[in-house]
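A.B. asks: here is a sequence with its predicted model. Questions after.
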Amino acid sequence: SFARADDEYEDSEDEAPKSAEDDVLVLTEKNFDATIKKHKFVLAEFYGM
């Protein structure tokens, strides 16, 4: 039999995960363009889920 493992990233797409670091932004499809326009420099890390 198989057991279902809960995914830690199963939050609503409207709610970004909470970050422990104040200078870290969680970019989403909804805030990506605005963030790039607002900040002169952005270091982004992309990963697949």
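C.D. replies: It's in. Numbering: from 1, shown residues only.
A.B. asks: mind jotting down where the strands sit in this protein?
C.D. replies: Using DSSP state E, no strands are assigned anywhere in the chain.
A.B. asks: where does it dip in pLDDT?
C.D. replies: 1-21 (pLDDT under 70).
A.B. asks: now the helices for it?
C.D. replies: 32-38 (DSSP state H).
A.B. asks: contacts made by stretch 39-49 with the rest, please.
C.D. replies: 9, 25, 27, 35, 36 (Cβ atoms under 8 Å, 6 or more residues apart in numbering). In this view, the C-beta of every residue, glycine as well, is placed from N, C-alpha and C.
A.B. asks: widest-spaced pair of those residues?
C.D. replies: Using Cβ to Cβ, the two most remote members of the contacts of stretch 39-49 are 9 and 36, lying 22.6 Å apart.
A.B. asks: with neighbour numbers in mind, choose between those two.
C.D. replies: Counted by other Cβ atoms under 10 Å, residue 9 and residue 36 do not tie: residue 36 has more neighbours, with 12 against 6.
A.B. asks: residue contacts, the more buried one?
C.D. replies: residue 42.
A.B. asks: swap in 10 Å and give it another go.
C.D. replies: 27, 42, 44 (Cβ atoms under 10 Å, 6 or more residues apart in numbering).
A.B. asks: now these: which count as buried?
C.D. replies: residue 27 (16 or more other Cβ atoms under 10 Å).
A.B. asks: re the thing from before, in CSV: the contacts of stretch 39-49, plus distance to residue 48.
C.D. replies: Below are the contacts of stretch 39-49 laid out as CSV (distance: Cβ to Cβ, whole Å):
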residue, distance to residue 48
9, 11
25, 19
27, 14
35, 20
36, 20
